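> curious how this folds, go ahead:
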Amino acid sequence: MIKYLGSKRLLVGSIVDAVAAVPEARSVIDLFSGTSRVGHALKAAGFQVFSNDHNHYAETLARCYVEADAERVIDDATRLIDELNALPGRPGYVTETWCERAHFFQPQNGARIDAIRERIARLSLEPCLEAVLLTALMEAADRVDSTTGLQMAYLRQWAPRSFRPLSLRVPKVLPRATAGAGRAYRGDALDAVGRLSADVLYLDPPYNQHAYRANYHIWESLIRWDKPAVYGKAQKRIDCRAEQSPFNQRRNFEESLRRLIEESRARGVVISFSNEGFLSRERLEAVLRGARGGAGVLSCKEVEYPRYVGARIGIYNPRGEKVGRVSHLKNQEWLYTLRFDA
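The predicted structure is shown next:
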């Protein structure tokens, strides 16, 4: 899966265990699905998963890893990915925007991304099969980019991996979960929580002011393929300037989190949170203990967790020069379970 800020790769097992500990749980809402790493693991464990995120690229990842079932798409996906890998490069929007005006990809790989994306658009496939191909392209591009993991900037010198030729691989699409077919949704979390129903609500909200669309603007444009106007050295989508979420605002975060829990009908809530987030541990626990009139039973597992890859590499100015040292390389992750068994 793609490199991602806040990825729960090392916590997935603990999250699945926390969901499974909710009595008679069969279905889960992953309300901030991101890369769908957690949703994929929950599906593999047999849960029916409903994924939601407000970004188009996250919806596509969820449609591949949660909604698509291997028995329906894998044969066609394998055949089509072989065909896409054989396409010669043809420079277009990606090459001009992120290889020439910015340096996120080598031009030969940018031309391949352009050619493959245009072919996928012309195929007019059913949504799940198209999502599998788009995920394969996104992940292939991620393997040859020249960043520290975020798309806020590119490296001053080309990363060694950027010289590798772009090559698509078939994503690890799972068979249908024993508890039922999953679904991928795209919407605001505060709207979606009242529309979706499941036994467990899993929450991994943003921890700070950084909006994910700005961090991963290339994936957003690659999936939407709307070839938007861009700005700045990183050539970000214009709509990154206007994106506002209460979960990226310190003044609104606490009340927004409280609303999610109050408006959900889930019998269990599992929350992943970091000590670098907007709320202190004491404040977060006060919100959780007071939810739904204080009727829940709260437990917590603490996990030491590496910070995102950019923190390990260092602090750089806009010219790509190293200018500072990071204060710490590990975070404390809190995995809370709030159960309403009555």
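> what ranges does the stretch 201-342 of the chain have for its strands?
With DSSP state E, counting those that start in this stretch as the criterion, the stretch 201-342 of the chain has strands at 230-231, 236-237, 268-274, 297-306, 315-316, 322-324, 330-339.
> the residue lying closest to Pro206 once chain neighbours are set aside: how many residues sit nearby?
Counting by CB to CB, 6 or more residues apart in numbering, Pro206 lies nearest to Phe247, which is 4.7 Å off, once chain neighbours are set aside. (Glycine included, C-beta is placed from N, CA and C.) Neighbour count of Phe247, defined by other CB atoms under 10 Å: 22.
> make residue 1 into 32 and carry on from there
Sure thing, new numbering starts at 32, so read that last one as Phe278.
> how about the contacts made by Phe278?
When contacts are counted by CB atoms under 8 Å, 6 or more residues apart in numbering, Phe278 is found next to Phe63, Ala220, Pro236, Pro237, Phe284, Ser287, Leu288.
> so what's Gln139 closest to, chain neighbours aside?
Distances taken as CB to CB, 6+ apart place Gly120 nearest to Gln139, at 6.1 Å, with adjacent residues excluded.
> ok, now how distant is the one you found from Asp145?
The gap separating Gly120 from Asp145 is 7 Å, by CB to CB, to the nearest Å.
> so Trp250 is in contact with Tyr88, correct?
Yes - in this structure, Trp250 is within contact of Tyr88 by CB atoms under 8 Å, at 3.9 Å.
> who touches both of those two?
Between them, Trp250 and Tyr88 share the neighbouring residues Met169, with contact defined by CB under 8 Å, 6+ apart.
> would you agree the residue nearest to Gln139 falls within a strand?
No - according to DSSP: H, G, I helix; E, B strand; the rest coil, Gly120 belongs to no strand; its state is coil.
> tell me how many other residues surround it.
Number of residues near Gly120 (other CB under 10 Å) recorded here: 18.
> residues contacting it?
Gly120 makes contact with Gln139, Asn140, Gly141, Ala142, Arg143, Asp145, Ala146, according to CB under 8 Å, 6+ apart.
> over to Gly123?
Under the criterion of CB under 8 Å, 6+ apart, the contact partners of Gly123 comprise Ala142, Asp145, Ala146, Glu149.
> do Arg214 as well
Each residue near Arg214 by CB under 8 Å, 6+ apart is listed here: Val80, Phe81, Ser82, Val97, Glu98.
> between those residues, which is closest to Ser228?
Closest approach to Ser228 among those (CB to CB): Phe81, at 8.3 Å.
> A strand includes the closest one, no?
Yes - according to three-state DSSP, the state of Phe81 is that of a strand.
> give me the neighbour count for Leu115.
Here the number of neighbours of Leu115 (other CB under 10 Å) works out to 21.
> correct me, but it touches Glu149?
No - Leu115 sits out of contact with Glu149 when judged by CB under 8 Å, with a separation of 10.6 Å.
> look up how far Tyr96 lies from Val69.
For Val69, the distance to Tyr96 under the criterion CB to CB works out to 10 Å.
> try Gln139
Using CB to CB, we find Gln139 at a distance of 29 Å from Tyr96.
> okay, these two: which has more neighbours?
It is Tyr96, of Gln139 and Tyr96, that has more neighbours when counted by other CB under 10 Å, with 30 against 15.
> list the contacts of the more buried one.
By CB under 8 Å, 6+ apart, Tyr96 lies in contact with Ser67, Arg68, Gly70, His71, Lys74, Thr166, Pro202, Lys203, Val204, Leu205.
> name the element the fifth one belongs to?
Meaning Lys74. Assigned by DSSP states H and E, Lys74 falls within helix 68-75.
> stretch 197-204 - what's its average pLDDT?
The pLDDT scores in stretch 197-204 average 98.
> which residues touch it?
The set of residues external to stretch 197-204 that reach it, using CB under 8 Å, 6+ apart, is 71, 95-96, 99-101, 104-105, 108-109, 112, 115-116, 140, 143-144, 147, 163, 166-168, 170-172, 174-175.
> how about the contacts made by Arg244?
Asn86, Glu251, Arg268, Asp270, Cys271, Glu274.
> and if we set it to 7 Å?
Neighbouring residues of Arg244 by CB atoms under 7 Å, 6 or more residues apart in numbering: Asn86, Glu251, Cys271, Glu274.
> which of those residues has the most neighbours?
Counting neighbours by other CB under 10 Å, the top entry in the contacts of Arg244 is Glu251, with 24 neighbours.
> distance of it from Ala215?
Glu251 is 16 Å from Ala215, where distance means CB to CB.
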